[in-house]
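>>> after the sequence you'll find the predicted model.
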Amino acid sequence: MTDLIRCHWPKDDALYCAYHDEEWGVPEFDSRALWEKLVLDGFQAGLSWITILRKRDSLRAAFAGFDPDKVARFNDADIERLMNDAGIIRSRAKILAAIDSARITLDLREKGTDFKDLIWAIQDHQPQINHFGHGQIPAETETSRELAKFLKSHGYKFCGPVIVYAFMQAVGMVNDHTVTCFRHAEVSEMMKSL
């Protein structure tokens with residue numbers, strides 16, 4: 001496994017490498033999974049992604065498996081429980097944003113817009129295959145700026161264009177594995193088969 005050529009960012013951290021090799025960039029169309037990832041990316045604001053990965057299981061437990069139907073019902077007691085949970089990111093603003101996000105997501109669903117459609121419509125439900133080398137991957141794009149603006153217009157928080165682009169990369173809206181990475185070709189084939 002160590003002889004594989006990867007993107008530079010997971011380096012040799014086993015958890016990071018597993019995330020890179022198995023999850024990052026794989027197109028995701030499940031609304032619950034997409035919502036979880038957007039919330040996790042919001043929790044990442046100001047932190048490193050490896051910090052979130054290390055706390056992901058605790059965050060999943062604390063946020064009811066990232067089921068927006070359950071999170072939308074969180075109350076003041078839940079907020080205090082979360083603020084006292086050392087296993088998660090204890091930012092009141094981020095916790096409140098996650099709960100509000102669940103409520104917004106449910107409201108949109110009740111009005112006929114499923115979260116996956118809300119997210120993927122910006123690209124006509126098709127992933128984009130990029131061909132970047134090391135150091136060429138942008139931090140944000142015109143599409144991530146548009147999607148961030150759209151999400152904010154609905155009330156979502158912690159979803160600026162850089163966070164949204166990281167989200168787009170993670171959920172396979174774009175294939176930003178570098179061209180020398182072994183996953184670039186694998187993920188590209190997944191995308192072409194959609």
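Right, received. Where do you want to start? Numbering: from 1, shown residues only.
>>> hey, where'd the strands end up in this structure?
128-129, 174-175 (DSSP state E).
>>> so which of these is the most surrounded?
With neighbours taken as mean count of other C-beta atoms under 10 Å, the strands of the chain reach their highest mean count in strand 174-175, at a mean of 26. (Glycine included, C-beta is placed from N, CA and C.)
>>> which neighbouring elements make contact with that strand?
strand 128-129, helix 182-192 (3 or more C-beta pairs under 8 Å, 6 or more residues apart in numbering; DSSP states H and E).
>>> give me the distance from that strand to the chain's centre.
13 Å (C-alpha atoms, centre = their mean, to the nearest Å).
>>> quick check: mean pLDDT across that strand?
Across strand 174-175, pLDDT averages out at 98.
>>> in the sheet, which strands lie alongside that strand, parallel or antiparallel?
Paired with strand 174-175 in the same sheet, following DSSP bridges, are strand 128-129 (parallel).
>>> by contact count, what packs against the helix of greatest length in the chain?
For the chain, the helix that runs over the most residues, judged by DSSP state H, is helix 92-110. Helices and strands touching helix 92-110, by 3+ C-beta pairs under 8 Å, 6+ apart, are helix 31-44, helix 68-71, helix 76-83, helix 115-120.
>>> check the gap between residue 79 and residue 85 for me.
Residue 79 sits 11 Å away from residue 85, going by C-beta to C-beta, to the nearest Å.
>>> for residue 40, same thing?
Distance, residue 40 to residue 85, using C-beta to C-beta: 15 Å.
>>> neighbour count winner among the two?
Between residue 40 and residue 85, counting by other C-beta atoms under 10 Å, residue 40 is the more crowded of the two (23 against 16).
>>> thinking again about what came up before, nearest approach to residue 176 belongs to which of the helices and strands packed on helix 92-110?
The closest of the helices and strands packed on helix 92-110 to residue 176 is helix 31-44. By C-beta to C-beta, the value is 14.4 Å.
>>> reformat the helices and strands packed on strand 174-175 as JSON lines; add mean pLDDT and distance to residue 157.
Below are the helices and strands packed on strand 174-175 laid out as JSON lines (pLDDT from 0 to 100; distance: least, C-beta to C-beta, whole Å):
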{"stretch": "strand 128-129", "mean pLDDT": "98", "distance to residue 157": "26"}
{"stretch": "helix 182-192", "mean pLDDT": "97", "distance to residue 157": "29"}
